[in-house]
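*Asks:* Pasting the sequence and the predicted coordinates here, then a few questions.
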Amino acid sequence: MIPLVLELREAPQQPVDMSPLLPDQLKDRRPQDIGALKLWSGRRQVPVGELFAISGDDPSRLVIRNASAALERIGAGMSSGCIEVEGNAGAYLGREMRGGKIHVRGHCGDFCASRMRAGFIQVDGDVEDFLGAAVTGERQGMSGGMVLVKGNAGDRAGDRLRRGTILIEGSAGDYCCSRMIAGTVAVLGDIGKSIGFAMRRG
């Protein structure tokens with residue numbers, strides 16, 4: 001079988017919520033059915049087929065080509081399969097992920113792996129702030145799985161980390177591991193100020 005490929009026609013003017021496009025939820029759907037699904041983009045819903053050219057037939061291996069930082073929540077809630085992002089990814093990639101693998105061949109926005117429970121995420125470029133962190137109002141961030149960042153991470157990587165492993169091959173910004181509850185964070189490059197602020201364990 002051939003991987004299901006979604007090739008972005010042009011960069012969207014508004015953020016697009018990609019969370020409905022998960023390998024397990026697209027199982028047994030034909031390409032034309034996938035093209036008819038609607039995604040929120042700003043205040044309106046847009047058919048997948050309007051945003052992407054669709055090819056292939058195996059949604060367990062989903063490839064997003066010409067990806068843009070406007071594509072948010074890629075792999076959010078994912079439990080199985082593989083998503084490959086060729087280009088940049090927006091915020092909340094892999095949020096509440098429960099299994100499977102995501103590979104970003106570019107950069108990634110804020111809150112990558114937020115509330116992640118299991119699975120594996122690799123970002124070949126940089127990630128922005130709050131890697132594996134809790135969003136406002138949440139008491140815990142990432143609670144399982146592994147994240148590998150080949151580039152640099154922004155501020156507050158591992159904020160409120162509960163469990164899991166984050167490996168950053170580049171440098172990390174300020175407040176790395178702030179309010180960390182448990183888990184492991186390794187940074188091979190430089191780290192900004194206030195590392196481990198209010199850290200409890202880990």
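*Replies:* Perfect, thanks for sending it.

*Asks:* drop to CA atoms for contacts and neighbour counts, all remaining ones
*Replies:* OK.

*Asks:* For the longest strand seen in the chain, the averaged confidence score.
*Replies:* Counting residues, the longest strand found in the chain (DSSP state E) is strand 58-67. For strand 58-67, mean pLDDT rounds to 96.

*Asks:* Need the residues that contact it.
*Replies:* Applying Cα atoms under 8 Å, 6 or more residues apart in numbering, the external contacts of strand 58-67 come out as 1-9, 11, 22-24, 26-27, 80-89.

*Asks:* Sort out which of those residues are buried, if you could.
*Replies:* Buried members of the contacts of strand 58-67, scored by 16 or more other Cα atoms under 10 Å, are 3-8, 22-23, 26, 80-89.

*Asks:* Return the subset of these lying in strands.
*Replies:* Using DSSP E, the members of the buried ones among the contacts of strand 58-67 that fall within strands are 3, 4, 5, 6, 7, 8, 82, 83, 84, 85, 86, 87.

*Asks:* Now do the last one against residue 81, distance only.
*Replies:* It stands for residue 87. Look at residue 87 and residue 81: by Cα to Cα, to the nearest Å, they are 19 Å apart.

*Asks:* in what helix or strand does the nearest residue to residue 45 once chain neighbours are set aside lie?
*Replies:* Distances taken as Cα to Cα, 6 or more residues apart in numbering place residue 39 nearest to residue 45, at 5.2 Å, with adjacent residues excluded. Here residue 39, judged by DSSP states H and E, is contained in strand 38-41.

*Asks:* mean confidence for stretch 5-16?
*Replies:* Mean pLDDT, stretch 5-16: 96.

*Asks:* likewise stretch 71-87?
*Replies:* In this model, stretch 71-87 has a mean pLDDT of 98.

*Asks:* Which residues does that stretch contact?
*Replies:* Identification of contacts with stretch 71-87 by Cα under 8 Å, 6+ apart yields 15-19, 21-24, 59-68, 89-107, 119.

*Asks:* What confidence value was assigned to the residue nearest to residue 45?
*Replies:* In this model, residue 39 carries a pLDDT of 98.

*Asks:* Residue 136 now?
*Replies:* Looking at residue 136, its pLDDT is 89.

*Asks:* Next: residue 1.
*Replies:* pLDDT recorded at residue 1 is 82.

*Asks:* Nearest residue to it in space, please, no chain neighbours.
*Replies:* Distances taken as Cα to Cα, 6+ apart place residue 58 nearest to residue 1, at 5.9 Å, with adjacent residues excluded.

*Asks:* Give me the distance between the one you found and residue 47.
*Replies:* Noted for residue 58: a distance of 20 Å to residue 47, by Cα to Cα.

*Asks:* Those two: who's more crowded?
*Replies:* Using other Cα atoms under 10 Å, the more surrounded residue of residue 58 and residue 47 is residue 58, with 20 against 15.
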